[in-house]
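[1] Compute the structure for the input listed below.
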Amino acid sequence: MKLSNRNREETLQALKQKTYDVLIIGGGLTGASIALDATTRGMDTALLEMADFGSGGSYRQSMLSFEQGDYYYKTWKDLEVEKETIATNFSALYQHTTGMYVKYRGDLDLKNLTTIKRSLLFPFRKRQTNDTTQVVRAKDIQQFEPLVNLRHLERGFLFESGLINRSLMAIELIKQASQLGTDSVNYLKVIQFIYDQDNQIIGVKAEDQINGDSVSIYARRIINATGKNFNRIRKLDLTDQKQTLPQTINKKTLIYLNTATPPIKRILTFNDIQRASYVTLVPDKGKLLLTSVEKLVRPEKLSHRPSETDINHYLDLLNQVVKDYRFNLDDVIDINLTYEVNYESNSEITNLLLISDGGLISVFGTETEAYRLYAGKVVDHLAKKLKKEMNILYSNSETNVISINQKKQVDPDEFESLAIDQAELSQITKVYGDQTTQLLKYYQRAEKKSTKHKINQLLCAELLYSIEQTAIYSPLDFFIRRTRMIHDLDHLSEQTTGILNLLAQKLAWTKEERSYFEREFRIWLTEQD
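    Okay, the predicted model is just below:
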């Protein structure tokens, strides 16, 4: 089945008509990874998302680096392999980059306590990874980053890493799971759980965010993988009164800052002594992404709204490291606060998820490079329980052999007649990877529609592809997913009417929907300017 909103009614009918093995609430990277793993093992799987797929915490760029963590050796080896797997499987979405860790007086010495320690204990590490680390003397750091504050600076370390677009990674996983049999629907909000006579959860009631209809869906196991909506779903469970949390949780704060010219050229990491954590800065097209991962020991409750004190703490820290810039609250564009567990290969399942008395399985997610391993642990748990109940032996996970979205060369002879320049083609392959050829076939079909709606032919082809293959429903679903693409805002503004008319025709919008989506889209365009 395609991941399409054109067959939305068909999918909704399918959801009503059977009892699933697994129903996953949440269409981010965690839910997507679990859905694909469960489907490859033969489980009947459904996935529901209340907004657009990948629109929660997953829509950020993420750095694939775990050198700052204190992992057991086996986990460390596994994560090295996973990092390479992601870079290969999602090569179209993966961007190789370099970063610098700067150490100030009093900071944890990353080089001494992590890299050197492991090199001594595990001398064969270099055979397992291509990563390199280069020491930079304090007086030479400004050759690499001129605006780094040199006061109390001891040294720096250059390292190699990579950035991955988590939103598109999640969508590609959902798309692959849907092709293998998962029923996936966005804009379907869970509002209530359904219980049997023993107070065990056997289904959900969900509200269609498009037409307001209610639908009941039944499943043997239900997973809460909603990220920042984690608490909202748990509160719907009448049996979950204990609110017991794992012993250790990582609190991840992401702050987007507006800056005309990013003060750094590459990823910059530094120590946050006060909170015993690391802060990472990622320059991203005129904006700056600040990420901090702080370990919480024996947390009692989880807040998903950062306090002004927290935000000011990180802004002050940033102003100490980057000179000649003064960031304040007015520069903050967006804030996202989520929680993750620290994955270890020997982690007990009880440290990776929560199970309520009614059977709701709540998962936190984990660092990007460990998502597949984490999903495997969760589905292992499901498989054992379901096997005992149903006497069915589920297969092992096959996700390690699935090609997801690799960067493939497009045969220039096949599309020689298409009026697409190399710069446009290069941008497209960064997002569509091995599906670029399929997209270019839409380009051939889009000529008449692009003329009718007065839309650029390539943009028209991408819209048609996204409607039929990746379940977009609104203009913002499409454009927010394409954050790595460079938009000509004036050109987009001129094509707004045509874009809306095409989507309205293909998705059978009502007049009210068209009016709402137009207002939403024009506001977004204004904010981008």
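[2] list the contacts for I24?
    G31, I34, A35, A38, T45, A46, L47, L48, I222, I223, A225 (CB atoms under 8 Å, 6 or more residues apart in numbering). C-beta here means a position set from N, CA and C on the backbone, and glycine is covered the same way.
[3] so what does the helix or strand harbouring K77 touch, helix or strand wise?
    Secondary structure from DSSP states H and E places K77 in helix 73-89. For helix 73-89, the packing partners by 3 or more CB pairs under 8 Å, 6 or more residues apart in numbering; DSSP states H and E come out as strand 94-104, helix 117-121, helix 125-128, strand 153-165, helix 371-390.
[4] switch to 6 Å and redo it
    Taking 3 or more CB pairs under 6 Å, 6 or more residues apart in numbering; DSSP states H and E as contact, there are no helices or strands that helix 73-89 lies on.
[5] re the thing from before, in TSV: the contacts of I24, plus secondary structure and pLDDT.
    Shown next, in TSV, are those (DSSP: H, G, I helix; E, B strand; the rest coil; pLDDT from 0 to 100):
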residue	secondary structure	pLDDT
G31	helix	96
I34	helix	97
A35	helix	97
A38	helix	97
T45	strand	96
A46	strand	97
L47	strand	97
L48	strand	97
I222	strand	97
I223	strand	97
A225	coil	95
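[6] the inter-axis angle of the helix holding K77 versus strand 153-165?
    50 degrees (axes from the mean of the first three to the mean of the last three CA atoms, to 10 degrees).
[7] so Q495 is in which element?
    Using DSSP H and E, Q495 falls within helix 489-507.
[8] Buried residues of the helix or strand that that helix is followed by, list them for me.
    On the C-terminal side of helix 489-507, the nearest following helix or strand under DSSP H and E is helix 511-528. By neighbour count on 16 or more other CB atoms under 10 Å, the buried set for helix 511-528 is E513, F517, E518, F521, L525.
[9] low pLDDT regions in the stretch 401-529 of the chain?
    By pLDDT under 70, the low-scoring segments of the stretch 401-529 of the chain are 410-417, 483-486, 529.
[10] Report pLDDT for L113.
    For L113, the model assigns a pLDDT of 41.
[11] ditto for R118
    pLDDT at R118 comes out at 46.
[12] Then the one 10 residues further on?
    According to the model's per-residue confidence, Q128 sits at a pLDDT of 40.
[13] And K285, by the same measure?
    In this model, K285 carries a pLDDT of 72.
[14] do you know how far it is from Y278?
    23 Å (CB to CB, to the nearest Å).
[15] Looking at these two now, which is surrounded by more residues?
    Shown here are K285 and Y278; by other CB atoms under 10 Å, Y278 has more neighbours (20 against 8).
[16] does the more buried one have beta-bridge partners, and which?
    N271, V293 (DSSP bridges).
[17] Just the buried subset of the contacts of I24, please.
    Neighbour counting with 16+ other CB under 10 Å marks G31, I34, A35, A38, T45, A46, L47, L48, I222, I223, A225 as buried within these.
[18] related to what we said a few turns ago, could you check the angle the helix holding K77 makes with strand 94-104?
    140 degrees.
[19] how big is the angle separating helix 73-89 from helix 371-390?
    Counting by the same axes, to 10 degrees, helix 73-89 lies at 100 degrees to helix 371-390.
[20] Buried residues, helix 73-89. List them.
    75-80, 82-87, 89.
[21] Break this protein down into its domains, please.
    Here the domain assignment for the chain is 8-57+167-244+345-401, 96-161+246-340, 422-528, based on automatic domain parsing.
[22] Output those domains in CSV; the columns should cover distance to K2.
    Converted to CSV, the domains of the chain look like this (distance: least, CB to CB, whole Å):
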stretch, distance to K2
domain 8-57+167-244+345-401, 7
domain 96-161+246-340, 30
domain 422-528, 6
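[23] Give me whichever of those domains is most buried.
    domain 8-57+167-244+345-401 (a mean of 20; mean count of other CB atoms under 10 Å).
[24] For that domain, measure first residue to last.
    29 Å (CA to CA, to the nearest Å).
[25] Many thanks, I have nothing further to ask.
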